[in-house]
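[1] quick one: sequence and predicted model below, then my questions.
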Amino acid sequence: MNFLCAGEDPQIMFAGWLQRKGPGPAAYALLLLLSCAGHAAWGAPTDNIVYQTPSIFQPQSGPAHMIYHLSLFVMQITGAIFIVVAAFWLYVVVRFRQRDPKDDSEPPQIYGSTQIEMAWTVIPILIVLVLFLTTARILFAIQDAKMPPTATHVDVVGHQFWWEFNYPDYRFTTVGELHVPVSTEQAPMTTSLRLLSADVVHAFWVPALMGKIDTIPNKVNSMWFNPDKVGMYVGQCAQFCGVEHAKMLLRVYVQTPDDFAAWVKNQQQPAVQDPAVAEGRQVFESQACISCHVIRGTAANGKFGPDLTHLMSRDTIASGASANTPADLKLWIKDPDYVKPGSLMPAMQLSDDQIDKIVAYLSTLK
Amino acid sequence: MADSTLPIGSVIDLTPPSEAYGTWLEQVHSWVVTVDHKKLGIMYVVYALIFLLVAGFEAILLRIQLMVPRNNFISPEVFNRLFTMHGTTMIFLMGMPMVIGFANYLVPLMVGARDMAFPRLNAFSFWMTALGGLFLYYSFVGGVGLQGAGSAPDFTWWGYAPLTERAFSRGHTADYWALALIVAGFGTIGAAVNIIATTLCMRCKGMTLFRMPLLPWLNLVVAGMILIAISPLTAAQIMLLIDRYLGGHFFDSQAGGAPYVWMHFFWIFGHPEVYILVLPAFAIANEVIPVFSRKAIFGYPAMVAASAGIGLISLSVWAHHMFTVGMTSAQNAFFVLSTGLVGVPTGIKIFNWIATMWGGKIRFATPMLFCTAFVVQFLFAGLTGIILSTAPWNWQLHNSYFVIAHFHYVLVGAIIFCIFAGFYYWFPKVTGRMLDERLGKWHFWLFVLGFHMTFDLMHIPGLLGMPRSIYTYEPGRGWESWNMLVSIGGIIQAVATLIFVYNLVYSYFKGAEAGPDPWDAWTLEWATSSPPPEYNFASEPVVNSRRPLWDLKHPEDPDSRYE
């Protein structure tokens, strides 16, 4: 039963599933089936589970609301078509089945009817036109909307396998967790995204806030949203981008204007310099860490990996694959492949002492 | 032996009994060197069946991995390879050879010809397709390259550049993938040329184009689409190989190439491809539904026109796979409209099938069971297609499990169901023995159960925000129980398919004798013996209507009077 003996996490998770659903014989059969699972991964110390369903039917922003209303309209039309045609189908299947297997007389032969064919050509064309016009109205309203001058601009850059968010107006960069101001009727606040890719094609998708849009190398895309409720919204990459596509998660934190301003102010500061962890900083700067990561105000100025200047202001690491606690951080630095197999961060073969010092240093980067 | 009561076709059967073909080795040899359209058709279908089992097995592994969140049944690398191979195999090594195999076997028989127009090209096409399969699966062994461990393509079956470029796909897996598709594509084009020539030039006396049965008609349309659609795919694969080996920069983004262009090339193949697979499935339904409803097909001219209409319109809908790539609003609007319009001829077909059944005496033998389920399932799949064509909503649904559910509804709920119907319907013609009805009913009901459990429920995690191509997912997203049920449904389908395979083998040896015309059908293939002799018909048939055997069986009220 390798699966059950593996890390805490799936075990707790699966037990929770059983509790909610109640174990039946099928569940035990499945346990048996799953016992052929491979080596233990997902051994992260903190469970990092967010109970939130990113349903497209719980819109929390302008464009998401528009799409939601379009979807209701389209579902009504297609649903009605299905019910009508399926009812005919059911009637035919029941009414015209052969009742007496010995009766081999042939029914009257009917070859067709031009009037009927015309009817079921013209009516669908009209339905298609109605759907097209409705769709086009929403399409143009979202895609060709003018951005207000107060819009918050964010450049989203997709990387294998994490998200970079640049705020060109505020001149700082953050990673994995996008912060935006809430939009109210009194103070509308639009967030305008430009989407780019550093390597392969990704797609940015937070169902509650907006439809997905691809980030494509050598192409700049754009999208916008105006979130109407404070909160945290989950999403993830929606275009296969390589080994760890599944763990390219993302979060959007919608904040009140005051909270957002405070967050921006903190992000704009250079990294905290705490003399108590000077030793950790020295270890960090003497390792290859600095050739991939930025910590503003230090020697670390690599561009390949995530910006760590305010690492501790984030809830997750490894693009949401792990919680941001010292224990998780330690495990992640020791063996990134264990937490997120296929991640591009290498294990640096550091001693436990070195890792402890680095984690102590990173833990001060509020 | 041919039925001498039927004056059309073979009156005297001169075929020697099969023992006369000699030893086992000589028999194998006869299959390898054959140019007979029936033997090639059987080889296509068997080849496709083998890959159906292989790719089905891959799907089961994927579904076991997705049963619970954060499962580690298989590693991400293996998962990515398996779903890439599952998709590529099902489209290129299962779907295409299967429908071409049916066309190969049936088109000459149904138009009263002795073989395809170009028998040697036919054999060449089959062996090219077979070579494509070999290339693709050889990548498991030969794709190691620089990567180290065993390998296979791992960049999805649509292979978006630059993932397929050397910077992201080291080793040779992308090369084997590209070569496999190019080579199998040559085979497909050869088959298409052959079908066009056969339907246009090889029809028997009296069979005008508008007396040709719908199966050859639809395959004619498909063959035309193949000629147009496969070429961009081949071109794109050649460009990819130039990028990988000759320093080209078509899609190589680091050197200024445009991955965006790959998408257009791929989907201008990829969308017609769906219709290339689904029209031959319609073709099967067009034969089965009238025979088991005991009525002529309703609206034959409308059915022909609708097929041609689908063929034309489907060439202009490809970018509905690309609503999220950042096209202008006007471009998006165009593809919303064209995609909606392709639903119109498709709808006409559904209405005509229901109208054909209307007023009939429907016999629910296994072929008809599959076709009946097909009609309503295809209706549903078409409507989710309309849902996906509404671009703003597509921004939410694209690349989610809703899309996977939609296209599996088409590929399984429509195409595989019709192919199963075709097996039950023509197996007696091909082997001379009936498929077992009791096993057939088990197969049907289990498959229907598994199909609906898997693909009905699969729409839901898509609506709840679950993207495709992910080897695992986070707990707490509300996707867990749906995925568990979907996986169980998949296993039920696998069991049903194994029953089907057992039925094929069992009935081949033990099935009831079929005779030339077990279904009391109306098209020419039933006028010759089962299995037909190598030359199909001893004398060239002469027909006066779309249903020559109806005329023969009902001389008092022949079809020719009404057409």
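    Yep, it's here.
[2] rest of the way, CA atoms for contacts and neighbours
    Fine.
[3] name the residue closest to the centre of chain A, please.
    A:Q236 (1.6 Å; Cα atoms, centre = their mean).
[4] list the contacts for it?
    The contact partners of A:Q236, taken as Cα atoms under 8 Å, 6 or more residues apart in numbering or on different chains, are A:F204, A:W205, A:V206, A:A246, A:K247, A:M248, A:L249, A:L250, A:R251, B:P467.
[5] excluding its backbone neighbours, what's nearest it?
    Spatially, and ignoring its direct neighbours in sequence, A:Q236 is nearest to A:L249 (4.1 Å; Cα to Cα, 6 or more residues apart in numbering or on different chains).
[6] likewise for B:I491?
    Here the residue nearest B:I491, using Cα to Cα, 6+ apart, is B:I60, at 6.7 Å.
[7] shaky segments in chain B?
    B:1-21, B:142-150 (pLDDT under 70).
[8] got a list of what A:E285 touches?
    A:A299, A:A300.
[9] so the closest residue to B:G248 other than its chain neighbours is in which element?
    Excluding its sequence neighbours, the residue lying closest to B:G248 (Cα to Cα, 6+ apart) is B:I242, at 5.4 Å. Using DSSP states H and E, B:I242 falls within helix B:214-245.
[10] give me the helices and strands touching that helix, please.
    Contact here means 3 or more Cα pairs under 8 Å, 6 or more residues apart in numbering or on different chains; DSSP states H and E; on that basis helix B:214-245 packs against helix B:96-110, helix B:173-201, helix B:259-293, helix B:300-313.
[11] please identify the deepest-packed of the ones you listed.
    Greatest average neighbour count among the helices and strands packed on helix B:214-245 goes to helix B:96-110 (a mean of 26), per mean count of other Cα atoms under 10 Å in any protein chain shown.
[12] and that one, what does it pack against?
    Against helix B:96-110 (3+ Cα pairs under 8 Å, 6+ apart) you get helix B:37-66, helix B:173-201, helix B:214-245, helix B:259-293.
[13] and the gap between the closest residue to A:A347 other than its chain neighbours and B:T372?
    Spatial nearest neighbour of A:A347, chain neighbours left out: A:D335 (5.1 Å); criterion: Cα to Cα, 6+ apart. For A:D335, the distance to B:T372 equals 55 Å [Cα to Cα, to the nearest Å].
[14] over to B:G309?
    Counting by Cα to Cα, the gap from B:G309 to B:T372 is 24 Å.
[15] the closest residue to chain A within the stretch 51-200 of chain B: what secondary structure?
    Per Cα to the nearest Cα, B:F73 is where the stretch 51-200 of chain B lies closest to chain A, at 4.1 Å. Secondary structure state of B:F73, per DSSP: H, G, I helix; E, B strand; the rest coil, is coil.
[16] can you get me a residue count around it?
    B:F73 has 24 neighbours, counted by other Cα atoms under 10 Å in any protein chain shown.
[17] one more: the one 3 residues further on?
    By other Cα under 10 Å, 23 other residues sit near B:P76.
[18] counting by contacts, list what the one helix or strand B:R438 maps to packs against.
    In this assignment (DSSP H and E), B:R438 forms part of helix B:437-463. Contacts defined by 3+ Cα pairs under 8 Å, 6+ apart place helix B:437-463 against helix B:366-389, helix B:401-408, helix B:480-510.
[19] possible to save these as a markdown table with mean neighbour count?
    Converted to a markdown table, those look like this (neighbours: other Cα atoms under 10 Å in any protein chain shown):
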| stretch | mean neighbour count |
| --- | --- |
| helix B:366-389 | 23 |
| helix B:401-408 | 22 |
| helix B:480-510 | 19 |
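[20] which one of these lies closest to B:Y160?
    helix B:401-408 (17.2 Å; Cα to Cα).
[21] contacts for that closest one?
    B:381, B:384-385, B:388, B:397, B:455-456, B:458-463, B:466-468.
[22] if you set the cut-off to 6 Å instead, what comes out?
    B:A381, B:F455, B:M458, B:H459, B:G462, B:P467, B:R468 (Cα atoms under 6 Å, 6 or more residues apart in numbering or on different chains).
[23] ok so A:L350 is a strand residue?
    No: using three-state DSSP, the secondary structure at A:L350 is coil, not a strand.
[24] now it: how far from A:L362?
    15 Å.
[25] comparing the two, which residue is more hemmed in?
    Taking neighbours as other Cα under 10 Å, A:L350 and A:L362 compare with A:L362 leading, 23 against 14.
[26] how near is the more buried one to chain B?
    26 Å (Cα to the nearest Cα, to the nearest Å).
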